[in-house]
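Enquirer: sequence and computational prediction follow.
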Amino acid sequence: MIINELPPNFEQIKVAFPRADLPGVLFAYGGIIYNPSGISIPPALIAHENVHLARQNDMDPRDSYPTRVTGADVWWDHYLRDTEFRYNEELLAHAAEFKVQRAGDRNASARLLMSTALRLVAPLYNYVPPVSLQQAMRDLRREVAR
């Protein structure tokens, strides 16, 4: 389901990611893709957000929290606090996005891989320390080959 609203944890997101309110930024939370700016979402971005939704669904809140929280709550807690977790989650989502768009032409695929890697290391994600473009390219190649 896609709705044109802010996710319920947007205030927490905004603290960790000052650029989160830019037009076109999407959020996955608890089975819903939040699209605050109401953009048309291409299939590749839906694939990206669906990876996040599936990963949230796989989180067992009982592993870390004694109170009633959802897998999405646990996932977002890790995502906001842990740069390595965030990068790995984005790597999986960007690889899925790439696979939806990949063409048969080697040159077009190489350009797409580069543009996907550039988005993976964008300032929006606020990785500390920053991830290099070269590392993102290596990681994306590895993940896409799986």
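Expert: Structure's in. What do you need?
Enquirer: pull out the buried residues from whichever helix or strand residue 108 is part of.
Expert: Assessed by DSSP states H and E, residue 108 sits inside helix 106-120. Using 16 or more other CB atoms under 10 Å as the test for burial, helix 106-120 gives 112, 113, 116, 117, 120. Just so you know, the C-beta spots here come from the backbone N, C-alpha and C atoms, and that holds for glycine as well.
Enquirer: name the helices or strands packed onto that helix?
Expert: Packing contacts for helix 106-120, counted by 3 or more CB pairs under 8 Å, 6 or more residues apart in numbering; DSSP states H and E, involve helix 83-101, helix 133-145.
Enquirer: can you name the residues in contact with it?
Expert: For helix 106-120, contacts defined as CB atoms under 8 Å, 6 or more residues apart in numbering pick out 90-91, 94, 97-98, 101-103, 131, 133, 136-137, 140-141, 144.
Enquirer: would you quantify the distance from residue 129 to residue 135?
Expert: Residue 129 sits 11 Å away from residue 135, taking CB to CB, to the nearest Å as the criterion.
Enquirer: which one's more surrounded, these two?
Expert: residue 135 (14 against 6; other CB atoms under 10 Å).
Enquirer: and that one, what pLDDT?
Expert: Per-residue confidence at residue 135 stands at 97 (pLDDT).
Enquirer: need the contact list for it.
Expert: If a contact means CB under 8 Å, 6+ apart, then residue 135 has no contacts.
Enquirer: what is the burial count for residue 80?
Expert: 16.
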